[in-house]
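A.B. asks: Fold the following and give me the result.
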Amino acid sequence: MQFRQQALTKLQSPEELDLPVRFARPQGRLVLAVTLAVMAAASGWAVTGSVASTVSAPAVLTHGEGSYLLQSPAAGQVTAVLAKEGERLPADSPVLKVRTADGEAVVRTVAAGRITALAATLGQIIATGADVAAVEKVAGADDPLYATVYVPAGNAASIPEHAAVDLTVQTVPAQEYGVLRGHVQSVDRTAQSAQQISAFLGDSRLGERFTEDGRPVAVRVRLDTSASTKSGYRWSSADGPPYRLSSPTMATGAIRLADRRPVDWLLP
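C.D. replies: Residues are numbered from 1 along each chain as shown. This is a model prediction of the structure:
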């Protein structure tokens, strides 16, 4: 009977016009104001803002002219190793002596540079055209380093001129010294084969490694210099590592791509 009496009372006064109207509490008005402000800011950013994206790819720190693979002009047995790894030699310098069926042949450097790897050892039997050494084309110890980043070919068109690049260097602890700073100097618009990469880096293994997922595009990066760091280059940390960088050194490059709008508006 109690519920029936309440129902009859409701029917007699359905609109309850005699009751006071309760407005929103101050806390509710504050929440509403904040929500409207956030929505307005998000709408404005969607129209005028931009999103920065990056592409990460393997990189190598080398001197500007790259390297070349020194090959034996004849087959035979290595009778003398005349150069050492790390040694800087002028062009036409002897590196190996090889005893052949027609006498003794001397393997000489093609261009001036530094011996970065020796593949031939004393007493080894080598074939004609065998890779016996890798020579980096460098004139002096103060020649600057560059980074070559091998990015997927599909990203080449979206890399702007002078784009900022952060390089995580394999021999430098990033948590302690940060990343190496640089800017894009040039982008090779033609995808490179494993043979082309091997010829430039003087290492056939790197050519195969960088082309595992397809032929990449080489992006040349100029490293930002700094007179206040031991390495001579600018880092995300104040001082960078307390030692100089050598070539070749593996790294990972993060290149900032052209900014894009977060929302594409379709107009009639």
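
A.B. asks: okay, CA-based contacts and neighbour counts for the rest of this
C.D. replies: OK.

A.B. asks: Can you pull out the low-pLDDT segments for the stretch 51-200 of the chain?
C.D. replies: Within the stretch 51-200 of the chain, the stretches with pLDDT under 70 are 51-52, 139-141.

A.B. asks: Okay, strands next: where are they in it?
C.D. replies: Per DSSP state E, counting those that start in this stretch, the stretch 51-200 of the chain carries strands over the ranges 54-63, 67-71, 76-81, 88-89, 94-100, 103-108, 113-118, 125-126, 131-136, 145-152, 164-169, 180-187.

A.B. asks: For the first one, output the C-alpha coordinates as PDB.
C.D. replies: Written as PDB, here are the backbone C-alpha positions of strand 54-63 (Å, rounded to 0.1, in the frame of the first residue of the first chain):
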ATOM      1  CA  THR A  54      62.100   9.400 -37.400                       C
ATOM      2  CA  VAL A  55      63.500   6.500 -39.400                       C
ATOM      3  CA  SER A  56      66.100   4.300 -37.800                       C
ATOM      4  CA  ALA A  57      68.700   2.300 -39.800                       C
ATOM      5  CA  PRO A  58      72.200   0.900 -39.400                       C
ATOM      6  CA  ALA A  59      75.100   3.300 -39.900                       C
ATOM      7  CA  VAL A  60      78.900   3.200 -40.200                       C
ATOM      8  CA  LEU A  61      81.300   6.000 -39.100                       C
ATOM      9  CA  THR A  62      84.100   6.300 -41.700                       C
ATOM     10  CA  HIS A  63      86.200   8.900 -43.400                       C
END
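
A.B. asks: Which strands and helices lie in contact with that strand?
C.D. replies: strand 145-152, strand 249-256 (3 or more C-alpha pairs under 8 Å, 6 or more residues apart in numbering; DSSP states H and E).

A.B. asks: most packed of the ones you listed?
C.D. replies: strand 145-152 (a mean of 25; mean count of other C-alpha atoms under 10 Å).

A.B. asks: Can you name the residues in contact with it?
C.D. replies: Contact with strand 145-152 is made by 55-64, 210, 214-223, 247, 252-253, as judged by C-alpha atoms under 8 Å, 6 or more residues apart in numbering.

A.B. asks: How about stretch 209-228?
C.D. replies: Contacts of stretch 209-228 (C-alpha under 8 Å, 6+ apart): 58, 145-153, 156, 165, 180-194, 232-234, 239.

A.B. asks: Spit out the contact partners of L180.
C.D. replies: 166-169, 223, 233-236.

A.B. asks: Can you lay out the helices and strands packed on strand 54-63 as CSV showing distance to G113?
C.D. replies: Formatted as CSV, the helices and strands packed on strand 54-63 follow (distance: least, C-alpha to C-alpha, whole Å):
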stretch, distance to G113
strand 145-152, 14
strand 249-256, 17
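
A.B. asks: quick one: which of those is nearest V132?
C.D. replies: Set against V132 and scored by C-alpha to C-alpha, the helices and strands packed on strand 54-63 come closest in strand 249-256, at 20.7 Å.
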